[in-house]
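> have a look at this fold, sequence not included:
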């Protein structure tokens with residue numbers, strides 16, 4: 001199973017399409033609902049103010065020296081806190097658009113001052129002016145239905161750029177294509193031999209550079225759709241998401257899961273690299289030779305010199321990891337939002353219908369469990385992060401119950417560094433398919449060097465329902481904390497003193 005917080009290709013996990021499963025799902029979920037009602041909640045609150053940078057994706061250095069950042073939001077992988085922000089060299093926020101955004105991936109400042117935005121989670125592309133007013137939207141295609149000239153709709157557009165001819169080049173990820181369209185939605189060019197692509201760019205030659213992400217490759221195609229240059233394949237790259245042709249003929253690309261940005265010569269030789277990143281999304285080579293990078297899971301944007309020194313950066317996310325797992329039995333809801341305290345309803349990578357449940361009808365221990373009902377691509381999850389000590393062994397356990405039609409349900413663990421970047425591979429405790437009664441899953445793990453925390457995920461990568469309860473995370477052999485040891489010793493000493501006092505009184 002893949003890293004917990006990344007989008008996944010459900011085509012590799014689910015044989016039936018949503019269209020094939022539609023009728024079956026409606027009927028089956030109706031049965032499930034009849035058997036277990038619980039407390040269902042759609043989560044709509046934000047966890048951080050919009051000026052806090054949660055998940056930088058698209059990044060652009062503007063002519064005025066400011067930096068335009070697309071913040072996909074996603075505090076704790078929730079579909080929240082998204083914004084487009086313009087930041088000065090001194091780190092001041094000088095312009096921002098919040099609006100109704102869902103996991104936006106790119107923003108481009110146009111010559112007239114408007115900003116072109118790919119609103120990925122809403123399957124649309126639109127423009128806003130400096131006042132934040134929408135001046136054009138792909139939602140208007142097809143008489144307001146958002147329909148393109150071929151009868152299709154955008155599905156997870158992660159990049160849009162305005163071409164010199166006034167058309168738009170859109171990377172339509174979940175339709176596995178890059179398309180050139182006019183403002184009326186007429187498709188004038190398309191390339192579809194792709195698997196979950198990112199960030200198509202039109203080159204001065206008329207060719208198009210595309211990060212063919214799930215094929216671990218970047219390609220250059222001509223207008224006839226012929227591949228004229230490529231790099232990657234196999235394990236050379238792992239999920240590249242951006243590729244730019246430089247003026248020297250080399251190609252700058254983000255090798256996301258390898259945590260690096262590299263510059264590749266036409267021969268395929270790597271001539272420059274910057275490593276130690278956490279799922280970098282986009283990289284741009286600036287006029288002075290530095291490289292602007294969105295270091296996604298480290299929640300920062302940095303500018304790196306050719307020598308590999310960080311010359312500038314912007315980050316303002318502050319996280320305080322609890323020393324112990326909070327609300328392990330999902331029992332409390334102190335703020336009354338209908339969701340268990342300490343746990344985040346992580347729906348950022350849910351590409352379907354996700355309903356989070358704080359359930360009082362299906363429980364293993366106590367009065368509540370945390371569950372979810374899901375249908376679609378991607379995944380929904382319950383998430384909590386806890387502080388760890390590098391080199392320390394820990395014991396995890398948790399109960400899970402599932403009623404699913406297709407896919408898997410699992411607890412997963414991911415160690416992270418002090419900035420939230422993943423360390424090592426995700427640890428899948430166990431995977432369950434079909435229907436199960438309550439099952440206890442457990443694992444012993446050791447925090448790696450550099451670890452500051454662990455992300456504990458209850459994952460639903462499935463169509464159907466699942467519940468989680470009675471989660472435990474503790475230092476191995478450390479079931480009794482030092483505090484309670486001290487208290488116990490104090491009580492023993494107090495008890496001994498009491499016995500001695502009684503004996504003295506008896507003698508007198």
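Done, it's in. Predicted, not measured: the structure shown is a model, and the values here were computed from it.
> quick one: strands adjacent to the helix or strand encompassing residue 412?
For residue 412, the host element (DSSP states H and E) is strand 393-416. Paired with strand 393-416 in the same sheet, following DSSP bridges, are strand 422-432 (antiparallel), strand 435-446 (antiparallel), strand 453-475 (antiparallel).
> so where's this protein shaky on pLDDT?
Counting by pLDDT under 70, the chain has low-confidence residues at 1-45, 478-508.
> how about 90 then?
1-46, 319-320, 335-337, 351-353, 377, 477-508 (pLDDT under 90).
> where do the helices of it begin and end?
Per DSSP state H, the chain carries helices over the ranges 18-35, 141-144, 482-507.
> what sits up against stretch 125-145?
For stretch 125-145, contacts defined as CB atoms under 8 Å, 6 or more residues apart in numbering pick out 95, 97-99, 110, 113-119, 124, 146-148, 153-154, 157, 160, 168, 170, 183-185. Just so you know, the C-beta spots here come from the backbone N, C-alpha and C atoms, and that holds for glycine as well.
> what's the burial count for residue 176?
Other residues near residue 176 come to 17 when the count uses other CB atoms under 10 Å.
> excluding chain neighbours, what is closest to it?
Nearest non-adjacent residue to residue 176, counting by CB to CB, 6 or more residues apart in numbering: residue 194, 4.9 Å away.
> list the residues that contact the one you found.
176-178, 210, 212, 215.
> how far is stretch 134-151 from where the chain is centred?
Offset of stretch 134-151 from its chain centre (CA atoms, centre = their mean, to the nearest Å): 27 Å.
> tell me which residues of it are tucked away?
Neighbour-count burial for stretch 134-151, counted by 16 or more other CB atoms under 10 Å, picks out 134, 137-141, 146, 148.
> and which of those residues is nearest to residue 429?
residue 146 (40.7 Å; CB to CB).
> torsion angles phi and psi at the closest one?
The phi/psi pair for residue 146 (degrees, to the nearest 10) reads phi 70, psi 20.
> that one touches residue 123, doesn't it?
Yes. Judged on CB atoms under 8 Å, residue 146 makes contact with residue 123 at a distance of 7.3 Å.
> tell me what residue 202 is bridged to.
For residue 202, the beta-bridge partners are residue 208 (DSSP bridges).
> neighbours of it, how many?
For residue 202, using other CB under 10 Å, the count is 19.
> so what's it up against?
Counting by CB under 8 Å, 6+ apart, residue 202 touches 161, 163, 169, 180, 208.
> try it again at 6 Å.
Shown in contact with residue 202 (CB atoms under 6 Å, 6 or more residues apart in numbering): 163, 169, 208.
> looking at those residues, spot the one nearest residue 307.
residue 208 (32.2 Å).
> could you give the number of residues near the closest one?
Other residues close to residue 208 by other CB under 10 Å number 21.
> swap in the one 5 residues further on?
Residues lying near residue 213 (other CB under 10 Å) number 28.
> so who does it touch?
Taking CB under 6 Å, 6+ apart, we find residue 213 in contact with 196, 198, 239, 241.
> right, and the second one touches residue 156 too?
By that I understand residue 198. No. In this structure residue 198 lies outside contact range of residue 156 using CB atoms under 6 Å: 10.3 Å.
> neighbour-wise, which of the two wins?
Between residue 198 and residue 156, counted using other CB under 10 Å, the more crowded position is residue 198 (28 against 20).
> contact partners for the more buried one?
Residue 198 makes contact with 158, 171, 211, 213, 241 under the criterion CB under 6 Å, 6+ apart.
> which stretches in the stretch 201-350 of the chain count as strands?
Here the stretch 201-350 of the chain has its strands, by DSSP state E, counting those that start in this stretch, at 208-212, 217-221, 227-232, 240-245, 251-255, 260-264, 270-275, 283-285, 291-295, 300-304, 310-314, 344-346, 350-359.
> just the terminal-to-terminal distance for stretch 175-193.
Terminal residues of stretch 175-193 are spaced 10 Å apart (CA to CA, to the nearest Å).
> stretch 117-133 too?
Using CA to CA, the two ends of stretch 117-133 sit 12 Å apart.
> just the buried positions in it, please.
Within stretch 117-133, the residues that qualify as buried are 117-128, counting by 16+ other CB under 10 Å.
> then stretch 374-388?
Quick answer for stretch 374-388 (16+ other CB under 10 Å): 374-386, 388.
> of all those, which two lie farthest apart?
Within the buried residues of stretch 374-388, 375 and 388 form the most distant pair, 34.4 Å apart (CB to CB).
> tell me, how many residues neighbour residue 332?
13.
> give me the contact list for stretch 451-462.
By CB under 6 Å, 6+ apart, stretch 451-462 touches 4, 321, 372, 374, 379-388, 390, 404, 407-418, 423, 466, 468.
> repeat that for 7 Å
4, 13, 321, 370, 372, 374, 379-388, 390, 404, 406-418, 423, 466, 468, 471, 473 (CB atoms under 7 Å, 6 or more residues apart in numbering).
> go on, stretch 164-177?
Residues outside stretch 164-177 that contact it (CB under 7 Å, 6+ apart) are 125, 152, 154-163, 178-182, 188, 190-192, 194-200, 202.
> circling back: same list (the contacts of residue 194) but as a markdown table, adding distance to residue 292.
Formatted as a markdown table, the contacts of residue 194 follow (distance: CB to CB, whole Å):
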| residue | distance to residue 292 |
| --- | --- |
| 176 | 28 |
| 177 | 27 |
| 178 | 23 |
| 210 | 20 |
| 212 | 23 |
| 215 | 26 |
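> now, which of these sits nearest residue 293?
Using CB to CB, the contacts of residue 194 come closest to residue 293 at residue 210, 19.7 Å.
> that closest one: how many residues sit nearby?
28.
> nearest residue to it other than its sequence neighbours?
residue 200 (4.6 Å).
> and the one you found, how many neighbours does it have?
Neighbours around residue 200, by other CB under 10 Å: 27.
> so it is in contact with residue 178, correct?
Yes. Here residue 200 reaches residue 178: they are 3.9 Å apart, a contact under CB atoms under 7 Å.
> any shared contact partners between the two?
Counting by CB under 7 Å, 6+ apart, the contacts common to residue 200 and residue 178 are 169, 171, 208, 210.
> mind putting those in CSV, distance to residue 448 included?
Formatted as CSV, the shared contacts of residue 200 and residue 178 follow (distance: CB to CB, whole Å):
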residue, distance to residue 448
169, 41
171, 35
208, 40
210, 35
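> tell me how far residue 253 lies from residue 107.
20 Å (CB to CB, to the nearest Å).
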